[in-house]
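Novice: Need the 3D shape of this:
(one chain, ligands or ions: 1)
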Amino acid sequence: MTADFVIVGAGAVGLTSAIALLTEGYRVTLVERGAVGHEASWAGGGIMSPLCSWDYQDSVTRLAHRSMAMFPEAAALLHAQTGIDPEYIRSGMLVLPPFDMAQAQNWCAQHEFPAQPCDSASYLSGHNGLLLPQVAQVRNPRLLQALRRRVTMLGGEIREQQEVLALEVQGDCISALHTTQGEVAADAFIVTAGAWSKQLLGEHALHMDVKPIRGQILLFKFDTPPIEHILVRSGLYLIPRRDGHLLVGSTLEDVGFDKSTTVAARDDMLRKVYEILPAWRDHAPIRHWAGFRPGSPDNIPTIGRHPSLTNLYANTGHFRYGVTMSLASAELLVNEIGQRPQAIPVDAYRWR
Ligand SMILES: Cc1cc2nc3c(=O)[nH]c(=O)nc-3n(C[C@H](O)[C@H](O)[C@H](O)COP(=O)(O)OP(=O)(O)OC[C@H]3O[C@@H](n4cnc5c(N)ncnc54)[C@H](O)[C@@H]3O)c2cc1C
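Specialist: Numbers count the residues shown, from 1 in each chain. Down below sits the predicted model:
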């Protein structure tokens with residue numbers, strides 16, 4: 001029996017899309033070139049919020065905030081259903097100067113987003129920082145394992161080590177996908193291939209503009225969490241995990257599909273970390289990795305049906321916030337497929 005939907009790419013976006021469709025009773029197959037959840041969704045920091053929301057357009061924060069509101073219940077349910085704890089923790093995020101405090105506070109007031117000016121003297125500046133107590137984090141590899149297990153529990157099929165090479169078009173439809181293991185047919189197809197989405201779609205991408213933007217991360221290990229909140233300063237962030245691991249990120253590099261890590265990025269991030277926390281000079285990172293964000297103009301993803309191919313959908317281009325936005329993006333996609341009203345305005349995310 002052919003699937004109702006074949007989803008190409010099993011990162012956070014593909015997996016949450018699959019779960020949303022399976023929950024509606026559709027038959028779903030996920031086709032993944034490598035292993036499930038081993039690309040950007042694995043590499044990321046797991047901060048469940050834009051870094052400084054006031055720097056983004058409303059269409060970014062609207063989608064992010066809808067998803068952020070869905071996450072506490074969804075993460076608890078996922079834990080209960082799968083036995084895997086995604087470690088959703090509301091650790092709060094402390095934004096350190098320099099930044100425009102008045103602009104940030106205005107934005108938070110307008111969006112009813114709790115924020116407390118807060119003494120950050122222990123971190124370098126002596127100037128006030130802004131604590132956003134509602135900001136949470138997840139442990140990406142665990143979230144992905146839980147999502148994967150949930151897909152299988154719901155009867156979804158996952159095919160790993162199978163790369164989609166091309167789309168077969170007949171008239172105004174996709175009739176099949178050519179893959180490294182033969183043709184795959186379905187009633188409809190969804191591209192959630194992250195940074196590779198545009199490359200895979202070729203001419204059918206139209207104006208969708210998604211490209212890889214490399215991000216490098218450093219991992220530290222302490223005996224216990226050395227800081228309480230996520231810290232953000234001038235684009236650098238530090239994320240304390242419950243077990244003493246701590247992530248420092250990240251770079252934004254337009255270097256194509258080159259996943260190398262660089263000494264220059266490592267040294268630059270370390271210099272900034274030691275500026276904030278000079279006492280850490282004795283601590284060296286234990287790991288260093290890179291991943292490809294699906295970069296899109298203004299960080300606005302493409303979600304929904306192709307303008308002319310009637311059974312082709314995309315859910316991609318979430319750039320810096322794809323884990324954060326994943327639940328709401330899946331909701332939007334499934335509402336469009338089911339022709340149901342949307343909870344938020346969706347015009348900005350349409351495939352043009
Ligand atoms: C360093 C870094 C830090 C980040 N920090 C955060 C953060 O704190 N918070 C946050 O919300 N987001 C963060 N992000 C962004 C976030 O990780 C991404 O937006 C998100 O993971 C995108 O998910 P995805 O499922 O679209 O892509 P991916 O996770 O990359 O998944 C795409 C999948 O498609 C597969 N694929 C590609 N081509 C094919 C093909 N032809 N056939 C079959 N399969 C294919 C790939 O193998 C891959 O598994 C960060 C990203 C990076 C790199």
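
Novice: in what helix or strand does the residue of the stretch 201-350 of the chain found nearest the ligand lie?
Specialist: Nearest residue of the stretch 201-350 of the chain to the ligand, counting by Cβ to the nearest ligand atom: G322, 2.2 Å away. For glycine as for every other residue, the C-beta is placed from the backbone atoms N, C-alpha and C. G322 is part of helix 322-337 when elements are defined by DSSP states H and E.

Novice: Restricting to C-alpha, output that helix in CSV.
Specialist: Only the C-alpha atoms of helix 322-337 are listed here, as CSV (Å, rounded to 0.1, in the frame of the first residue of the first chain):
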residue,chain,number,x,y,z
GLY,A,322,14.0,25.2,13.5
VAL,A,323,13.8,23.2,16.7
THR,A,324,11.9,26.0,18.4
MET,A,325,9.5,26.5,15.5
SER,A,326,9.0,22.8,14.7
LEU,A,327,5.7,22.1,16.5
ALA,A,328,3.9,25.2,15.2
SER,A,329,5.3,24.6,11.7
ALA,A,330,3.9,21.1,11.7
GLU,A,331,0.6,22.4,12.9
LEU,A,332,0.5,25.0,10.1
LEU,A,333,1.3,22.4,7.5
VAL,A,334,-1.3,19.9,8.6
ASN,A,335,-3.9,22.6,8.9
GLU,A,336,-3.2,23.6,5.3
ILE,A,337,-3.4,19.9,4.1
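
Novice: Run the chain-centre distance for that helix.
Specialist: Relative to the chain's own centre, helix 322-337 is displaced by 11 Å; criterion: Cα atoms, centre = their mean, to the nearest Å.

Novice: Run through the neighbouring helices and strands of that helix.
Specialist: Helix 322-337 is packed against helix 12-23, helix 40-43, helix 58-82, strand 302-305, strand 312-316, with contacts defined by 3 or more Cβ pairs under 8 Å, 6 or more residues apart in numbering; DSSP states H and E.

Novice: Same list (these) but as a markdown table, adding mean neighbour count and distance to Q339.
Specialist: Formatted as a markdown table, the helices and strands packed on helix 322-337 follow (neighbours: other Cβ atoms under 10 Å; distance: least, Cβ to Cβ, whole Å):
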| stretch | mean neighbour count | distance to Q339 |
| --- | --- | --- |
| helix 12-23 | 26 | 14 |
| helix 40-43 | 24 | 29 |
| helix 58-82 | 18 | 19 |
| strand 302-305 | 24 | 11 |
| strand 312-316 | 27 | 13 |
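
Novice: Would you format those as CSV with mean pLDDT included?
Specialist: Formatted as CSV, the helices and strands packed on helix 322-337 follow (pLDDT from 0 to 100):
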stretch, mean pLDDT
helix 12-23, 98
helix 40-43, 98
helix 58-82, 98
strand 302-305, 98
strand 312-316, 98
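
Novice: Redo these as JSON lines? Include distance to the ligand.
Specialist: Shown next, in JSON lines, are these (distance: least, Cβ to the nearest ligand atom, whole Å):
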{"stretch": "helix 12-23", "distance to the ligand": "3"}
{"stretch": "helix 40-43", "distance to the ligand": "3"}
{"stretch": "helix 58-82", "distance to the ligand": "8"}
{"stretch": "strand 302-305", "distance to the ligand": "11"}
{"stretch": "strand 312-316", "distance to the ligand": "5"}
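
Novice: how about these, which one is nearest L246?
Specialist: Closest to L246 of the helices and strands packed on helix 322-337 is helix 40-43 (Cβ to Cβ; 15.9 Å).

Novice: element containing Y237?
Specialist: strand 236-240.
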